[in-house]
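Chemist: predicted model and sequence follow; I will ask about them next.
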Amino acid sequence: MTKIKICGLTTPQEAGWVSKAQADYVGMVLFFPKSKRNITIDQAKEIMKYLPPQIRKVAVVVSPSALQIKEIQENGFDIVQIHGQVLPEALETLQIPFFRAFNVDNMQEWERYEAEPKCIGYVFDAVKPGSGETFDWSSIPNLPEDGKPYLLAGGLNPANVGNAIEAMHPDGVDVSSGVERDLEPGKDPEKIEAFVKIVRKA
Ligand SMILES: O=C(O)c1ccccc1N[C@@H]1O[C@H](COP(=O)(O)O)[C@@H](O)[C@H]1O
């Protein structure tokens, strides 16, 4: 079954919607003030109170420092999703697994993580994470069938996720902008429900 990650939660109410929809993973953006979805560790802890244990909590970060990794793993996250660079000191500090995220120009670097036991999967995303833009899926590398799973991200929404699954057969799909409201900030419960329903049917 295709896994579902709903990313960029900013409120407990959104956690309630994602729990109801029974997503597999939720993402929370940390230590990245450039993002409109950036939240503090304290806000993340409040959101986690509304998430059941079977929904894996993913800390979404860009080139995290060892100190930030330490803070993440001390505060209830299950997985770290690393965009940007994986600094050696961050990798050394990691005691929870991570998803390596690639943003088009570094897709081929996945091979570096194939033998890294702390890396449990890949996220293939558009150039600008969280932008709601798609990318040319032919740039996704051919991965070994018995290798680590990958999540397809970047501009997915209820209207295109069915085609994306049919075309790419990803192990999972990852969405943020595509389940947000059009005129106000924040997630849209109806779009979350529609997205999950389509993926579960695909
Ligand atoms: O959402 C963000 O602002 C963000 C910031 C920093 C790193 C990753 C971010 N989001 C990731 O982007 C993809 C897909 O986003 P979208 O559906 O195209 O909006 C997803 O993996 C988020 O984790």
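Modeler: It's in. Numbering: from 1, shown residues only.

Chemist: only C-alpha atoms for contact and neighbour calcs from this point on.
Modeler: OK.

Chemist: quick one: name whatever helix or strand follows the helix or strand bottoming out on mean pLDDT in the chain.
Modeler: The helix or strand of the chain with the poorest confidence is helix 110-114; it has a mean of 94 (mean pLDDT, DSSP states H and E). Note on helix 110-114: by DSSP states H and E, the next helix or strand toward the C-terminus is strand 119-125.

Chemist: so for that following strand, what's the average pLDDT?
Modeler: Averaging pLDDT along strand 119-125 yields 97.

Chemist: for that strand, the distance to its chain's centre please.
Modeler: Mean C-alpha position of strand 119-125 versus that of the full chain (CA atoms, centre = their mean, to the nearest Å) differs by 9 Å.

Chemist: residues near Pro88, how many?
Modeler: Residues lying near Pro88 (other CA atoms under 10 Å) number 10.

Chemist: before we move on, back to that, send me the least confident helix or strand of the chain as PDB with only the CA atoms.
Modeler: Provided in PDB are the C-alpha atoms of helix 110-114 (Å, rounded to 0.1, in the frame of the first residue of the first chain):
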ATOM      1  CA  TRP A 110      21.100   8.800  -3.400                       C
ATOM      2  CA  GLU A 111      23.900   6.200  -3.900                       C
ATOM      3  CA  ARG A 112      25.900   7.700  -1.100                       C
ATOM      4  CA  TYR A 113      23.100   6.800   1.300                       C
ATOM      5  CA  GLU A 114      22.400   3.300   0.000                       C
END
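
Chemist: which neighbouring elements make contact with that helix?
Modeler: If contacts are counted by 3 or more CA pairs under 8 Å, 6 or more residues apart in numbering; DSSP states H and E, helix 110-114 sits against strand 98-103.

Chemist: given the strand it packs on, what are its sheet partners and their directions?
Modeler: strand 79-83 (parallel), strand 119-125 (parallel) (DSSP bridges).

Chemist: so which bits of the chain are right by the ligand?
Modeler: 7-8, 29, 35, 37, 60-62, 125, 129-133, 153-156, 174-178 (CA under 6 Å from any ligand atom).

Chemist: what's the ChimeraX syntax to select whichever of these are buried?
Modeler: Selecting only the buried entries of the residues of the chain next to the ligand in ChimeraX, with 16 or more other CA atoms under 10 Å as the criterion:
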select :7,8,29,37,60,61,62,125,129,130,132,133,153,154,155,156,174,175,176,177,178
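
Chemist: okay, and which of the residues of the chain next to the ligand map to helices?
Modeler: Among these, none falls in helices (DSSP state H).

Chemist: which stretches of this structure have low pLDDT?
Modeler: Nowhere does the chain drop to pLDDT under 70.

Chemist: ok, residues contacting the longest helix anywhere in it?
Modeler: In the chain, taking DSSP H as the definition, the longest helix is helix 189-201. Contact with helix 189-201 is made by 1-2, 4, 14, 17-18, 21, 23, 157-158, 161-162, 165, 178-180, as judged by CA atoms under 8 Å, 6 or more residues apart in numbering.

Chemist: go ahead and confirm Leu30 touches Val61.
Modeler: Yes: using CA atoms under 8 Å, Leu30 is in contact with Val61, at 5.7 Å.

Chemist: how long is stretch 182-196 from one end to the other?
Modeler: Using CA to CA, to the nearest Å, the end-to-end distance of stretch 182-196 comes to 19 Å.
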